[in-house]
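*Asks:* sequence? don't have it. structure:
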């Protein structure tokens, strides 16, 4: 095989539809609790930042129809589902025009508020 053929074969493997579907499935299946336990993360704030750091580089690698801001919000919303401190920021998504960054800020603010109200609990 020639070098250009090897390059083309490598690029097609890296940029295949199957890989993009796998990335989409991975992002869709992210859950904060399981992510924190798998990666030995003790605090919710660190888990939130780790989830965001996981979503941001992988989201552009999804299939083109899943690369929008609304899907980034959906991935993050699904990741923090069933966490009590995330209920209010997530419930306000419908009534407010929300961006991915504003959702991250609202979740972070909710965590900090929880810490102020219950300083003995670890967030």
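*Replies:* Perfect, thanks for sending it. Computed from a prediction, not measured in an experiment: that's the story for all the values here.
*Asks:* low pLDDT regions in this protein?
*Replies:* Regions of the chain meeting the criterion pLDDT under 70 cover residues 1, 6-15, 95, 121-123.
*Asks:* can you give me the helices in it?
*Replies:* Here the chain has its helices, by DSSP state H, at 3-14, 17-28, 32-38, 44-58, 69-79, 87-91, 100-117.
*Asks:* Just the angle for the fifth one relative to helix 17-28, thanks.
*Replies:* What separates the directions of helix 69-79 and helix 17-28 is an angle of 50 degrees, with axes from the mean of the first three to the mean of the last three Cα atoms, to 10 degrees.
*Asks:* Can you list the buried residues in helix 69-79?
*Replies:* Buried residues in helix 69-79, counted by 16 or more other Cβ atoms under 10 Å: 71-79. Where C-beta positions appear, they are placed from N, C-alpha and C, glycine not excepted.
*Asks:* tell me the angle of it relative to helix 100-117?
*Replies:* Counting by the same axes, to 10 degrees, helix 69-79 lies at 30 degrees to helix 100-117.
*Asks:* Look at residue 102 and say how many residues are nearby.
*Replies:* Per other Cβ atoms under 10 Å, the neighbour tally for residue 102 reads 15.
*Asks:* any idea how far it is from residue 113?
*Replies:* 16 Å (Cβ to Cβ, to the nearest Å).
*Asks:* now swap in residue 56 and tell me
*Replies:* Relative to residue 113, residue 56 is positioned 24 Å away (Cβ to Cβ).
*Asks:* Pull the number of nearby residues for the residue lying closest to residue 48 once chain neighbours are set aside.
*Replies:* What sits nearest to residue 48 in space, not counting adjacent residues and going by Cβ to Cβ, 6 or more residues apart in numbering, is residue 107, at 5.9 Å. Per other Cβ under 10 Å, the neighbour tally for residue 107 reads 26.
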